[in-house]
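# give me coordinates for this.
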Amino acid sequence: LLSKQNKSISDKILAVWMLIIAIHLSSYYLSINGYWYKYPHLVGLTAAFPFFYGPLLYLYIFYAIKSYRHFRIKDYGHFLPVILTYLYLFKFYFFYTATQKHLVDIGKITDYAFFSKILIIAFLLSGIIYTYFSCKLLNRYQWLLQQQYAYSEKINLNWLKGIIWGIGLVFLTATVVVISRKFLTINLPFNPDYLFYTLLILGLLTLGFYGIRHQHIFIDDKLFSQTQTSKDAYQNSGLSKEIAAEKHRQLLKFMLDKKPYLQPKLTLYALAKQLEMSPHHLSQIINRYEKQNFNDFINRYRVDAFIQNVTADPRLNYLAHAYDAGFNSKSSFNAVFKKLKGMTPSQYFSQLSNLKK
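Residues are numbered from 1 along each chain as shown. Have a look, this model is predicted:
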């Protein structure tokens, strides 16, 4: 990540996150191998590290889908719990002796016992809350993609949603275990920390693997600025019914005459430019009159073109006809066809053949 050229902010966030979890795991390793007993001043040095995980997940997603070039000042506020934790532990770090720190660690001195419980609850709440808002942010972005792009290659973020849910599941499982151990006094036959750290590492490494491969997942700033981000915002666009109806007729005629859907990487912005209208108005018209988002609207024409191509020349294989119709991958073609027709291309033409008989 650090050696990567033209690093984005999300790359840097991921690199910092990996460094933090490496330090955190090293501290845990030293603890379970008795080094905190030998060197008590190591006790609690990574106490606030779990507060990094939720914010870094959220900020990674935020900067992965936004083309900001600099970290915003207000985003440092996400790490306020880290600062407050270390401020509260200031006395422990600098005024407790090595012996006192050891006694706190093994529970003989209970000065920080209640604070530790509050800290654990806060860690878990932070993870769950940030997972929720991360998923909400991603859902909103995916809705925007559907409104503005007619293809999904290299901008499909289902992998990221899976990772979010995976990390959220880790925090949720940790919550259940903590409640069982701390409040219900249920003794588990294994050390659940090993499971949590293993799952967290796997999730983070998977995020790094896909994050490096998917380098261009944010959409054009022009599309963000010219398109409303709320589904209800179309009602306030100022486009009258008469003008909207006329532009809708122009759109349908243009689709039949010029066949812009044959362009594999067609975007809302590009089509709006060809029609000489704003991307927001074009999106509004498609949503209002076609009851579809831009992605489904364009792919509907592509599927119809594919069916016409196969009917006209059944000698070519399906994939060749799919490329001719504007699709640019087998996986996206199959997914779109099944979504719109409710069956695979083979099933569709088999059914069509039976009807003709």
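# output the below-cut-off pLDDT ranges for the stretch 251-357 of the chain.
355-357 (pLDDT under 70).
# try the chain
Using pLDDT under 70, the flagged stretches of the chain are 152-156, 213-238, 355-357.
# I'd like the next helix or strand past the helix of greatest length in it.
When the chain is parsed with DSSP state H, its longest helix is helix 113-148. Going down the chain from helix 113-148, the next helix or strand is helix 158-178, by DSSP states H and E.
# and the angle from that following helix to helix 113-148?
On the basis of axes from the mean of the first three to the mean of the last three CA atoms, to 10 degrees, helix 158-178 is oriented at 160 degrees to helix 113-148.
# after helix 158-178 comes which helix or strand?
In N-to-C order, the element after helix 158-178 by DSSP H and E is helix 192-213.
# what comes up buried for that following helix?
Within helix 192-213, the residues scored as buried using 16 or more other CB atoms under 10 Å are 197, 199, 200, 203, 204, 206, 207, 208, 211. C-beta here means a position set from N, CA and C on the backbone, and glycine is covered the same way.
# the residue nearest to the third one when sequence neighbours are not counted and residue 163, how far apart?
Once flanking residues are discounted, residue 200 sits nearest to residue 170: 5.7 Å by CB to CB, 6 or more residues apart in numbering. Shown here: residue 170 relative to residue 163, a distance of 11 Å by CB to CB, to the nearest Å.
# likewise for residue 207?
In terms of CB to CB, residue 207 sits 5 Å off from residue 163.
# do residue 107 as well
36 Å.
# now do residue 61
10 Å.
# so for the two, which sits in the more crowded spot?
residue 61 (26 against 22; other CB atoms under 10 Å).
# how many residues are close by residue 187?
6.
# with the one 3 residues further on instead?
Under the neighbour criterion other CB under 10 Å, residue 190 is assigned a count of 7.
# for residue 337, same thing?
By other CB under 10 Å, 23 other residues sit near residue 337.
# any idea which element it lies in?
helix 330-341.
# what do residue 170 and residue 163 both touch?
Common neighbours of residue 170 and residue 163 are listed as residue 203 (criterion: CB atoms under 8 Å, 6 or more residues apart in numbering).
# you'd agree residue 46 is in a helix?
No: checked against DSSP: H, G, I helix; E, B strand; the rest coil, residue 46 lies outside a helix; its state is coil.
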